[in-house]
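Asker: Okay, here's the prediction I keep looking at, along with the sequence it came from:
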Amino acid sequence: MGTLYVVSTPIGNLEDITLRALRVLREASLIAAEDTRHTRRLLQRYDIATPCISYHEHNKLMRLDDILTALITGDVALVSDAGTPALSDPGYELVRTCIAAGFAVVPVPGASAPLAALVASGLPTDRFLYLGFLPRRSSERRTALAAVAALAATLVCFEAPHRVVDTLEDMLAVFGDRQMTAARELTKLHESWQRGPISAVLAHFQDERPRGEFTLVIEGAKPRPTRGSVAAIDAASDETAPTPEALEQAMLERLAELRGAGERGSSAARTVASEFGVPKQMTYQLWLRLDADTAE
């Protein structure tokens, strides 16, 4: 039985490929590529003649049997258009299917746009969350951002150039003016970086039309609980930073306290947002949840 190799390829600069990746691509019986036209440019650059078939979101079910059949007698290399497969593409479904079918799955590490942007962003790297591509509609995007707004982890996502300004506006509204980095055209000729508060990066791209592929890195939340909330969060330890779960619970308890005192939702959400140093949208969502739980 063969092995499925999950092979990382360059994200722009064709020199960013490992010797091991080149060997695996040469020795495999078949290459499953997100876009064969794109991958063939890489294969031609390094004189690799391995047969190549497409495997992407629109044909993944049709191609599955071909790939599993090829694995019975030889190795298959899975590649994406750029970077590491199975991140923001259907590669993970193939990996899961191969594991279930008893085939070995081996990663061949290499270039990764989220990691490249993160390590050069100047933002904390000890905890981070990769969000992939955010929703296209602003309302859905804001909901997705609000769901992670309280996390202390650095956030990393991709965005298309024509949505960069709208996305930054949503981030500013949901997160407040956090520090961020916008990495454009990573490893390519016109690679560029914008670092600073979200408002400053937004202003830059409002003046200068965004072009190319973007990876956005955003600072995580900095919880600043006050008043009686401190005791609720620090009950376990005076030295340990509050977890997102503990922070959320403390905010819910504070909202319940204000509700019992007769405050309305908008006012209570504003008060708690100020006390905890989080966006009002987040605390208002918690208020709505509190309302729903009470109604039940």
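Answerer: Thanks, I have it.
Asker: List the contacts of the nearest residue to residue 159 once chain neighbours are set aside.
Answerer: Nearest-residue entry for residue 159: residue 214, 4.7 Å, with adjacent residues in sequence omitted and distances by C-beta to C-beta, 6 or more residues apart in numbering. The C-beta positions use only the backbone N, C-alpha and C, and glycine is treated the same way. Residue 214 makes contacts with 158, 159, 160, 161, 164, 182, 183, 184, as judged by C-beta atoms under 8 Å, 6 or more residues apart in numbering.
Asker: Of all pairs in those, which one is the farthest apart?
Answerer: 160 and 183 (14.1 Å; C-beta to C-beta).
Asker: So for these two, which sits in the more crowded spot?
Answerer: For residue 160 versus residue 183, neighbours defined as other C-beta atoms under 10 Å are more numerous around residue 183 (25 against 14).
Asker: Can you classify that one by secondary structure?
Answerer: Secondary structure assignment for residue 183 (DSSP: H, G, I helix; E, B strand; the rest coil): strand.
Asker: Without its sequence neighbours, what residue ends up closest to it?
Answerer: Per C-beta to C-beta, 6+ apart, closest to residue 183 is residue 117, 4.1 Å.
Asker: Remind me what whichever helix or strand that neighbour is part of packs against, helices and strands.
Answerer: Secondary-structure assignment from DSSP states H and E places residue 117 in helix 113-119. The helices and strands touching helix 113-119, judged by 3 or more C-beta pairs under 8 Å, 6 or more residues apart in numbering; DSSP states H and E, are strand 154-159, strand 179-184, strand 214-218.
Asker: same thing but at 6 Å, please
Answerer: strand 214-218 (3 or more C-beta pairs under 6 Å, 6 or more residues apart in numbering; DSSP states H and E).
Asker: quick one: terminal-to-terminal distance for stretch 15-30?
Answerer: End-to-end distance of stretch 15-30 (C-alpha to C-alpha, to the nearest Å): 22 Å.
Asker: Okay, buried residues for that stretch please.
Answerer: Within stretch 15-30, the residues scored as buried using 16 or more other C-beta atoms under 10 Å are 16, 17, 21, 22, 24, 25, 28, 30.
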